[in-house]
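**Student:** Show me how the following folds:
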Amino acid sequence: MVRTPKVYNIAEAKAHLPELVERASAGETIIVARAGKPKARLVSIEPDHARLRVPGKGKGRFKVARGFDDPLPEEIVALFEGSSR
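**Tutor:** As a prediction, the model looks like this:
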């Protein structure tokens, strides 16, 4: 069953905006009209599944350079520690 969106004039929408946002986030479509003409639609934001991280998605796509986890040279360690060795 398709539900017809409820239409609110701008003043009414402004007065009840928090309630309308909650209803829209629950899946209801809200139409905001000026002088009886629809001007905007308030709908929920769908989660962007394409941007979610997927564990293991990059497996095999990156190669760690040889010596990546070797100890840092003393000069670099001194810079991090704020001392002059």
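
**Student:** what are the ranges of the strands in the chain?
**Tutor:** Remark: strands assigned in the chain by DSSP state E are 6-9, 30-34, 37-42.

**Student:** hey, which of those is tucked in deepest?
**Tutor:** The highest mean neighbour count among those, using mean count of other CB atoms under 10 Å, belongs to strand 30-34: a mean of 16. (Each C-beta comes from the backbone N, C-alpha and C, glycine too.)

**Student:** In this structure, where is pLDDT below threshold?
**Tutor:** 1-2, 47-51, 84-85 (pLDDT under 70).

**Student:** show me where the chain has helices.
**Tutor:** Assigned by DSSP state H, the chain shows helices spanning 10-15, 17-25, 74-81.

**Student:** of all these, which lies closest to Arg3?
**Tutor:** helix 17-25 (11.6 Å; CB to CB).

**Student:** Since that was my last question, I'll sign off now.
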